[in-house]
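Trainee: following is a predicted model, sequence given first.
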Amino acid sequence: MIRTTMLGVIAISGIATTAAQPVQLAQASATAPSFAALDANHDGKITVHEASANDEMFVAFKTLDANRDGELTPAEFAAYAPAKK
Ligand SMILES: [Ca+2]
Ligand SMILES: [Ca+2]
């Protein structure tokens, strides 16, 4: 069966490609986003919606929003210190 053989080759090459690539995704997600990067509309504040673009930021949002107005100012954002390993 030619079809079966081809599927086998694709599966094997797929595994080889995955193994050859270094793990970079975890490294990228550990990088803290900048205030400017999160402030999508550049109004000087980060809303929950803007923070949701970054999983870690979204989780930290409630803690960082010191005055609980639903927005992060640069001063509030400055308290954000993601765990570094
Ligand atoms: Ca904004
Ligand atoms: Ca706030």
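Mentor: Cool, got the structure. Quick caveat, the model's predicted, so the values are computed rather than measured. Residues are numbered from 1 along each chain as shown. Ligands and ions are numbered 1, 2, ... in the order given.

Trainee: in this protein, what residue spans correspond to helices?
Mentor: With helices called from DSSP state H, the chain shows them at 2-20, 25-29, 35-38, 48-51, 55-64, 74-77.

Trainee: mind checking if the fourth one is in reach of ligand 2?
Mentor: No: in terms of CB under 5 Å from the ion, no part of helix 48-51 sits within range of ligand 2; the closest distance is 10.6 Å. The way it works is simple: take the backbone N, C-alpha and C, and place the C-beta from them, glycine included.

Trainee: that older thread, comparing the helices of the chain by mean pLDDT, which bottoms out?
Mentor: Among these, helix 25-29 has the lowest mean pLDDT, at a mean of 48.

Trainee: can you list the residues of the protein near ligand 2?
Mentor: Checking the chain against ligand 2 by CB under 5 Å from the ion, the hits are 65, 67, 69, 71.

Trainee: turn those residues into TSV, columns for neighbour count and pLDDT.
Mentor: TSV is the format used below for the residues of the chain next to ligand 2 (neighbours: other CB atoms under 10 Å; pLDDT from 0 to 100):
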residue	neighbour count	pLDDT
65	20	97
67	9	98
69	10	97
71	17	98
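
Trainee: what's the farthest-apart pair in these?
Mentor: 67 and 71 (8.9 Å; CB to CB).

Trainee: hang on, the earlier thing: now, the residues of the chain next to ligand 2 that are in strands?
Mentor: Under the assignment DSSP state E, the residues of the chain next to ligand 2 contribute residue 71 to strands.

Trainee: nearest to ligand 1 among the residues of the chain next to ligand 2?
Mentor: Proximity to ligand 1 was ranked across the residues of the chain next to ligand 2 by CB to the ion; first place goes to residue 71, at 7.6 Å.
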